[in-house]
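In: no sequence on hand, only this structure:
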């Protein structure tokens, strides 16, 4: 028995030794990876590179309120859901079916989690409302009497947490939702109908295959190259755009010539029956748009390789930022990816601004790009 205990203790000691070795090895590998990322970022000269985060301005600090036109009186029609002077939203006026600030919007009994989500979504809608009001002022300056209402497309709309409250706040705009998941579109249209909205339409289609004209493109957390295709749709229409990207790690699919969700398949399963009847999911993406190239801008292509861009995409994904103590370098990675997107738009003759959503400081998923 003594011998057995001795052997057991020795085995445990050997196991701890091995675990400690693996832990040190993981730490060395992570440090090497971080050093590689930092070297890539340092290749990018100002205003990008290590100083890029300073380019993202808080929407309030930037004074976007002062540049926004007075909200059209038709926005409120007596409801005052959007204050015409401060542009603050009175959420109590918005129907529950169109209101992501309502607990009933979420199918969860975890009230703490629901509260975090509803506050985050309310800040997202408020942020986009500020920018929409500013863009409305710019568009009105070139509109002629008798022109149709401002056309807004929400790419990657999901079930409507962004487009539905915005459609209520801006009833004189025409809103169109685009999402690759037919079920999400069905749910969105049901909410719009129950909420009494008359200015919302929707379709299930890949962003890159969308055909339609519009004045403003929106994309909130459109994953991977879905954000890039949203911007390309705006460029195709010479429309303004407001995008808040996320899941940049999925750009690995795009780098390999795939879609926003897969390295091979470019059409969401179940969507083909509603498009061209081909169910293999391998249709050519982006007809009329061209393939998405990375880096997006000629400027960044002249500074780093596609492989180095892929390293930044992996590092900049939100899932890579948690629990390892290197959040800042990962935030820098994502910010440089967004700078690349903005630079590509500028090369297409756009004026761009980079912002943070309201209460979005230090949250890479709150980085906002505006182009007009």
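Out: Yes, it's here. These numbers come from a predicted model, not from an experiment.
In: distance of residue 43 relative to residue 34?
Out: The spacing between residue 43 and residue 34, counted by Cβ to Cβ, to the nearest Å, is 15 Å. Heads up, the C-betas are built off the backbone N, CA and C, glycines and all.
In: for the stretch 1-150 of the chain, what spans make up the strands?
Out: Secondary structure of the stretch 1-150 of the chain, counting by DSSP state E, counting those that start in this stretch: strands at 57-58.
In: low-confidence ranges in it?
Out: Flagging of the stretch 1-150 of the chain using pLDDT under 70 yields the residue ranges 1-3, 60-80.
In: go with 90
Out: 1-34, 58-88, 103-114, 137-147 (pLDDT under 90).
In: got it, and the stretch 201-350 of the chain?
Out: Applying pLDDT under 90 to the stretch 201-350 of the chain flags residues 256-291, 317-330.
In: show me the helices in it, by range?
Out: 225-237, 251-255, 298-301, 306-316, 327-347 (DSSP state H, counting those that start in this stretch).
In: for the longest helix seen in the chain, packing partners?
Out: For the chain, the helix with the greatest residue count under DSSP state H is helix 2-42. Helix 2-42 is packed against helix 306-316, helix 327-347, with contacts defined by 3 or more Cβ pairs under 8 Å, 6 or more residues apart in numbering; DSSP states H and E.
In: check the offset of stretch 259-275 from the chain's centre.
Out: 19 Å (Cα atoms, centre = their mean, to the nearest Å).
In: ugh, wrong one, stretch 298-305
Out: Mean C-alpha position of stretch 298-305 versus that of the full chain (Cα atoms, centre = their mean) differs by 23 Å.
In: do the same with stretch 364-371
Out: 7 Å.
In: outside of that stretch, which residues touch it?
Out: Here stretch 364-371 makes contact (Cβ atoms under 8 Å, 6 or more residues apart in numbering) with 56, 59, 127, 131, 135, 221, 231, 234, 240-246, 316, 318, 321, 330-331, 334-335, 338, 341-342, 345, 350-357, 359-360.
In: what's the burial count for residue 236?
Out: Residues lying near residue 236 (other Cβ atoms under 10 Å) number 16.
In: please apply the same query to residue 139.
Out: Per other Cβ under 10 Å, the neighbour tally for residue 139 reads 18.
In: that one reaches residue 215, doesn't it?
Out: Yes. Between residue 139 and residue 215 there is a contact under Cβ atoms under 8 Å: 5.8 Å.
In: return every residue with contacts to both of those two.
Out: Contacts common to residue 139 and residue 215, judged by Cβ under 8 Å, 6+ apart, are 150, 240.
In: without its sequence neighbours, what residue ends up closest to residue 201?
Out: Excluding the flanking residues, the one nearest residue 201 by Cβ to Cβ, 6 or more residues apart in numbering is residue 176, at 5.0 Å.
In: beta partners for the one you found?
Out: Applying DSSP bridges to residue 176 gives these bridge partners: residue 153, residue 201.
In: ok, it - contacts?
Out: 151-154, 200-203, 212, 214.
In: make it 10 Å
Out: Residue 176 sits next to 151-155, 157, 163, 167, 199-203, 210, 212, 214 when contact means Cβ atoms under 10 Å, 6 or more residues apart in numbering.
In: filter those down to the buried ones.
Out: Buried subset of the contacts of residue 176 (neighbour count, 16 or more other Cβ atoms under 10 Å): 151-155, 157, 163, 167, 199-200, 202-203, 210, 214.
In: with distance to residue 265 added, can I get these in TSV?
Out: What follows is the buried ones among the contacts of residue 176, written out as TSV (distance: Cβ to Cβ, whole Å):
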residue	distance to residue 265
151	30
152	29
153	24
154	24
155	19
157	21
163	26
167	32
199	34
200	29
202	23
203	20
210	18
214	27
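In: how far away is residue 338 from residue 361?
Out: From residue 338 to residue 361 the distance is 15 Å (Cβ to Cβ).
In: count the residues that sit near residue 56.
Out: 21.
In: for residue 38, which non-adjacent residue is closest in space?
Out: Nearest non-adjacent residue to residue 38, counting by Cβ to Cβ, 6+ apart: residue 329, 6.2 Å away.
In: that neighbour reaches residue 41, doesn't it?
Out: Yes. Using Cβ atoms under 10 Å, residue 329 is in contact with residue 41, at 7.6 Å.
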